[in-house]
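Engineer: What would the 3D arrangement of this be:
(one chain, ligands or ions: 1)
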Amino acid sequence: MPNLPARLFRPELLSMSAYKVADAKNLIKLDAMENPYPWPENIQQAWLEALKACAINRYPDPEAGALSAELRRSQHIPENSAMLLGNGSDEIIQILLMALAADACILAPEPGFVMYRQVAQSLGLHYRGVPLRADSFELDMPAMLTAIQEWRPALIFLAYPNNPTGNLFDLQSIKQILAASSGLVVIDEAYAPFADASFIGELENYNNLLVMRTLSKLGLAGLRLGYLLGQPEIVGQLNKIRLPYNINCLTQATAEFALKNGDFLQEQTQNIREQRCLVYKALQAFENIEAYHSAANFILFRTKGIAAGRIFESLKQQGVLIKNLSPQGGLLENCLRVTIGAPDENQVFLNALQQALIL
Ligand SMILES: *Cc1c(COP(=O)(O)O)cnc(C)c1O
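Structural biologist: Numbering: from 1, shown residues only. You can find the predicted model right below:
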């Protein structure tokens, strides 16, 4: 059968490329905002013990009741907010966009998290990116408000802190967007463990506000667990799209265990925050690097007078994998993003960067 996909699939799908993940084999992996630390031995033993109680022959609890209760307790989730769990927050992005009308427009500032555009395109929805301010990576408020008026977006994504720029957008600007938008506004707090800011406390003040979080950047990226908070009327509708057993029993048991025994995760997070400060200072000391302040577990930096692609390749040659954002162009020209790792990994990265810059 010639050209079967072209006959059967939507044109927007045919024109997309699959999300690619770089091969990190034998490299120090500082490209994906993972927590570098394994679990302490005693915690690991207790966890394996807890997993024995999982009935792997049975379907998991479709409501993930025990895990939901533990999330509410440990993350101080307001009682009036409804919660939806996803197989990573990526799945929640998909659920959100699948619920929208076919002619809906989705708006997000750019550069931003690539999955917003990717998922919107895969569903054939209109996606509009509004450039951030070039000087500060802040929201360009006149442009945002004009875009809201013009496109009437059904949903706006704002990552807080933003990926890949690392900054927290101005609080008053976000409130202005919440007030100006007649559609949903999703505050994506994937990096909340590294920032001292959240919109969870604002949930009661805006009925179009949704707050999305994940356990991935905290240290459980392998699990795939994200959650969405908002008004019951909205979350209840989204829940109809969620597949009944989207959170498997091993994830439910492991996440519940990790949150109950979460002190070590707090310590790891604190350590990463201290390392972020050291790496930022070290980057600032390089003459031909401009480093941007970050409230997340990564730092964006720009090379000056030397192509970022060359630095990226040299680092890789020296055994360190970071993320080259320069191919995305625009405000990210000559930009690289490094995830904060363990102290020894960060030192290897900084030494390799120094080598790369003098080559
Ligand atoms: C990493 C990231 C996510 C995805 O998180 P998962 O829960 O692992 O799917 C969502 N939003 C932003 C801004 C991210 O950087």
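Engineer: And the strands in the stretch 101-250 of the chain?
Structural biologist: Along the stretch 101-250 of the chain, the segments classed as strands by DSSP state E, counting those that start in this stretch run 105-110, 126-131, 155-159, 184-188, 209-214, 226-230.
Engineer: So is the third one next to the ligand?
Structural biologist: Read it as strand 155-159. Yes - for strand 155-159, a contact with the ligand is found by CB under 6 Å from any ligand atom, at residue 159. All C-beta atoms are positioned from the backbone trio N, CA, C, and that covers glycine.
Engineer: Check the fifth one too.
Structural biologist: Yes - with CB under 6 Å from any ligand atom as the threshold, strand 209-214 lies in contact with the ligand, specifically through residue 214.
Engineer: and that strand with strand 155-159, angle?
Structural biologist: Inter-element angle recorded for strand 209-214 and strand 155-159: 50 degrees (by axes from the mean of the first three to the mean of the last three CA atoms, to 10 degrees).
Engineer: so what does strand 209-214 touch, helix or strand wise?
Structural biologist: On a contact count with 3 or more CB pairs under 8 Å, 6 or more residues apart in numbering; DSSP states H and E, strand 209-214 meets helix 89-98, strand 184-188, strand 226-230.
Engineer: That one vs strand 226-230, what angle?
Structural biologist: Counting by the same axes, to 10 degrees, strand 209-214 lies at 160 degrees to strand 226-230.
Engineer: strands paired with strand 209-214, and their directions?
Structural biologist: Strand 209-214 has its sheet partners listed here by DSSP bridges as strand 184-188 (parallel), strand 226-230 (antiparallel).
Engineer: now do the second one
Structural biologist: Paired neighbours of strand 126-131 in the sheet (DSSP bridges): strand 105-110 (parallel).
Engineer: And the average pLDDT for the partner strand is what?
Structural biologist: For strand 105-110, the mean pLDDT works out to 98.
Engineer: how about the residues of the chain near the ligand?
Structural biologist: 33, 88-90, 113, 159, 163, 188, 190, 214, 216, 221, 226.
Engineer: farthest pair in the residues you listed?
Structural biologist: Across the residues of the chain next to the ligand, the longest distance by CB to CB is 16.7 Å; it joins 159 and 221.
Engineer: For the closest residue to residue 332 other than its chain neighbours, which residues are in contact?
Structural biologist: Spatially, and ignoring its direct neighbours in sequence, residue 332 is nearest to residue 325 (4.3 Å; CB to CB, 6 or more residues apart in numbering). Shown in contact with residue 325 (CB atoms under 8 Å, 6 or more residues apart in numbering): 111, 164, 300, 308, 332, 335-337.
Engineer: Buried residues, the top helix by length along the chain. List them.
Structural biologist: In the chain, taking DSSP state H as the definition, the longest helix is helix 263-285. For helix 263-285, burial by neighbour count (16 or more other CB atoms under 10 Å) applies to 265, 268-269, 271-273, 275-276, 279-280, 282-283.
Engineer: and that helix, average pLDDT?
Structural biologist: 97.
Engineer: If you count contacts, what does the helix or strand following that helix end up packed against?
Structural biologist: On the C-terminal side of helix 263-285, the nearest following helix or strand under DSSP states H and E is strand 289-291. Contacts defined by 3+ CB pairs under 8 Å, 6+ apart place strand 289-291 against helix 263-285, strand 298-303.
Engineer: Strand 289-291 pairs with which strands, and in what direction?
Structural biologist: strand 298-303 (antiparallel).
Engineer: Tell me the helices and strands packed up against whichever helix or strand comes after the partner strand.
Structural biologist: Where DSSP H and E defines the elements, the next helix or strand beyond strand 298-303 is helix 308-317. In terms of contacts (3+ CB pairs under 8 Å, 6+ apart), helix 308-317 is packed against strand 323-324, strand 335-339, helix 343-358.
Engineer: Please state the offset of helix 308-317 from the chain centre?
Structural biologist: Chain-centre distance of helix 308-317: 24 Å, with CA atoms, centre = their mean, to the nearest Å.
Engineer: Over to stretch 186-200?
Structural biologist: With CA atoms, centre = their mean, you get 10 Å for stretch 186-200.
Engineer: before we move on, the earlier item: what are the phi and psi angles of the residue nearest to residue 332?
Structural biologist: Per-residue torsions, residue 325: phi -100, psi -10 (degrees, to the nearest 10).
Engineer: What distance do you get for it to residue 4?
Structural biologist: In this view, residue 325 and residue 4 are 36 Å apart by CB to CB, to the nearest Å.
Engineer: All the helices of the stretch 101-250 of the chain, residue numbers only.
Structural biologist: 114-122, 141-151, 171-180, 232-239, 249-260 (DSSP state H, counting those that start in this stretch).
Engineer: Kindly reformat the ones you listed as a markdown table and extend each row with mean pLDDT and distance to residue 18.
Structural biologist: Shown next, in a markdown table, are the helices of the stretch 101-250 of the chain (pLDDT from 0 to 100; distance: least, CB to CB, whole Å):
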| stretch | mean pLDDT | distance to residue 18 |
| --- | --- | --- |
| helix 114-122 | 95 | 9 |
| helix 141-151 | 98 | 28 |
| helix 171-180 | 98 | 32 |
| helix 232-239 | 98 | 26 |
| helix 249-260 | 98 | 24 |
